[in-house]
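**Student:** coordinates only, sequence not included:
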Ligand SMILES: Cc1ncc(COP(=O)(O)O)c(C=O)c1O
């Protein structure tokens, strides 16, 4: 009998996720400069703001008891009200235009809970989700764990290419597999990992394609907007929901993890009406309400008008860390033929492409050389769906979230040495 013989299929499939390998490397080599973790900057975490909010909450016994009690399954009503208002303001839309009410909004324990709930609500084994290639690897793990097929669609500097999406939908249709397609998933702002924002021009085309191919059932568009607030240059772009005139196709996943604190685990979904009850039913089986105390906490911060100023401070800090990473890349990798990277205008990442044939995967010479030189990165191959666009093994995701500027410079210098070493 093996030690795993009693485990479910899903538990067995959950093993071997990329994140375990990276954590293992980080723990085994504590002196490594990690440009791998997608964590936010510890230096800009809102210690004072959170302290003030907690003190204010606990100072009023009635309020404190409310916050320390179970909440409701869909989340704290005044918080949802504030979130809905902020969403409309950001998108430049009105409730009359979108048809959205409080009932469309569900608060979750981080947006990852929402992604899980949606997966449980929508997908059966063998179903298909179309994703950008590359895409958020944790989500690819969620799909893999449910035996859902992720198929990669080509992207460029404007995000998912509508023509490529259409070709994939047509191909699946011709193969008799359209009825298995349940969703299109896009990290639509400063994507993790590609750093690309889906352009405003492409957004209505993606929604229209989902609608056009929704024959056997609706194909949802999941707009993962985790990095929307982390914008360092250029204008904001309306969410995909702003282009969904029926309000029945687009699901928006949002979170306070990147723009405030991941430790509070507050995320939320803006759902088409038909999905609200099924998602809440799933949620009722799991936690029947996201952590209530931290919902009160973030509501307090919003109510006191402190969130926007905090986001401005974050932007200033990340803007200069991103510049530090781009400068260091120029200095240490700029003259290596075949090495290129996008210049993001937001988010926490830089996506690097290496010369053709130079593998960067976890078992590659380069990965070993990088660890030996003192730096950890995320192999880009983790971020490619198993089907569709071929995996680019010569790619790397770097994050400037956690390290300070000298750490970023040292990490990139080490990566430059490792690449030269392996190429020589
Ligand atoms: C694209 C994307 N979506 C969702 C999440 C999950 O965030 P949380 O569950 O903390 O809200 C992350 C976290 O890194 C992310 O990068």
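**Tutor:** Sure, I can see it. All values derive from a computational prediction rather than experimental measurement.
**Student:** near the ligand, which residues of the stretch 201-350 of the chain?
**Tutor:** 224, 226, 255, 257, 262, 267 (Cβ under 6 Å from any ligand atom). Any C-beta I mention is one placed from the backbone N, CA and C, and that applies to glycine too.
**Student:** For the residues you listed, pick the one with the most neighbours.
**Tutor:** Within those, most neighbours by other Cβ atoms under 10 Å means residue 226, with 28 neighbours.
**Student:** For residue 194, see how far away that one is.
**Tutor:** For residue 226, the distance to residue 194 (Cβ to Cβ, to the nearest Å) stands at 13 Å.
**Student:** okay, and the common contacts of these two?
**Tutor:** When contacts are counted by Cβ atoms under 8 Å, 6 or more residues apart in numbering, residue 226 and residue 194 have residue 187 as shared neighbours.
**Student:** And for residue 38, nearest residue in space, chain neighbours not counted?
**Tutor:** residue 399 (5.3 Å; Cβ to Cβ, 6 or more residues apart in numbering).
**Student:** Select the longest helix from the chain.
**Tutor:** helix 307-333 (DSSP state H).
**Student:** Name the surrounding residues that touch the very next helix or strand once past it.
**Tutor:** Scanning forward in sequence from helix 307-333 by DSSP states H and E, the next helix or strand is strand 340-341. By Cβ under 8 Å, 6+ apart, the list of residues contacting strand 340-341 from outside reads 326, 329, 333, 350-353.
**Student:** I'd like the mean pLDDT over the next helix or strand after strand 340-341, please.
**Tutor:** Using DSSP H and E, the helix or strand that follows strand 340-341 in sequence is strand 349-353. Averaging pLDDT along strand 349-353 gives 98.
**Student:** How about stretch 241-256?
**Tutor:** 97.
**Student:** start to end distance for that stretch?
**Tutor:** Using Cα to Cα, to the nearest Å, the end-to-end distance of stretch 241-256 comes to 19 Å.
**Student:** From the chain's centroid, how far away is that stretch?
**Tutor:** Offset of stretch 241-256 from its chain centre (Cα atoms, centre = their mean, to the nearest Å): 16 Å.
**Student:** got it, and stretch 199-212?
**Tutor:** Distance of stretch 199-212 from the chain centroid (Cα atoms, centre = their mean) equals 20 Å.
**Student:** which other residues reach it?
**Tutor:** Contacts of stretch 199-212 (Cβ under 8 Å, 6+ apart): 158-162, 165-166, 169, 184, 186, 188, 198, 219-221, 237-238, 240, 242-244, 246, 249-250.
**Student:** ditto for stretch 356-373
**Tutor:** Residues outside stretch 356-373 that contact it (Cβ under 8 Å, 6+ apart): 18, 21, 25, 29, 32, 338, 354, 376-377, 379-381, 393-396, 414-415, 417-419, 421-423.
**Student:** Return the subset of the contacts of stretch 199-212 lying in helices.
**Tutor:** Per DSSP H, helices hold the following members of the contacts of stretch 199-212: 162, 165-166, 169.
**Student:** Show me the shaky parts of the chain.
**Tutor:** 1-4, 16 (pLDDT under 70).
**Student:** Show me the domain layout of it.
**Tutor:** What automatic domain parsing lists as the domains of the chain is 9-45+309-423, 68-303.
**Student:** Now do the end-to-end distance for the last one.
**Tutor:** Which is domain 68-303. 19 Å.
**Student:** which helices and strands sit right next to the helix or strand where residue 55 lies?
**Tutor:** For residue 55, the host element (DSSP H and E) is helix 47-59. On a contact count with 3 or more Cβ pairs under 8 Å, 6 or more residues apart in numbering; DSSP states H and E, helix 47-59 meets helix 61-68, helix 292-303.
**Student:** now that helix and helix 292-303, what's the angle there?
**Tutor:** 110 degrees (axes from the mean of the first three to the mean of the last three Cα atoms, to 10 degrees).
**Student:** Report the buried residues of helix 47-59.
**Tutor:** Buried positions in helix 47-59, judged by neighbour count with 16 or more other Cβ atoms under 10 Å: 49-50, 52-54, 56-57.
**Student:** now do stretch 253-266
**Tutor:** 253-262, 264-266.
**Student:** Could you do stretch 204-221 as well?
**Tutor:** 205-211, 213, 218-221.
**Student:** Next: stretch 87-101.
**Tutor:** For stretch 87-101, by 16+ other Cβ under 10 Å, it's 87-88, 90-91, 93, 98, 100.
**Student:** so which of those residues would you say is closest to the ligand?
**Tutor:** residue 87 (15.8 Å; Cβ to the nearest ligand atom).
**Student:** Pull the contacting residues for the closest one.
**Tutor:** Shown in contact with residue 87 (Cβ under 8 Å, 6+ apart): 100, 239, 252, 254, 270.
**Student:** tell me which element it is part of?
**Tutor:** Per DSSP H and E: helix 77-91 holds residue 87.
**Student:** Report the distance from that helix to the chain centre.
**Tutor:** Worked out by Cα atoms, centre = their mean, helix 77-91 lies 20 Å from the chain centre.
**Student:** ok, and does that helix reach over to the ligand?
**Tutor:** No - interface with the ligand: helix 77-91 contributes nothing (Cβ under 6 Å from any ligand atom), its closest point being 13.6 Å away.
**Student:** okay, now residue 184: neighbour count?
**Tutor:** Per other Cβ under 10 Å, the neighbour tally for residue 184 reads 29.
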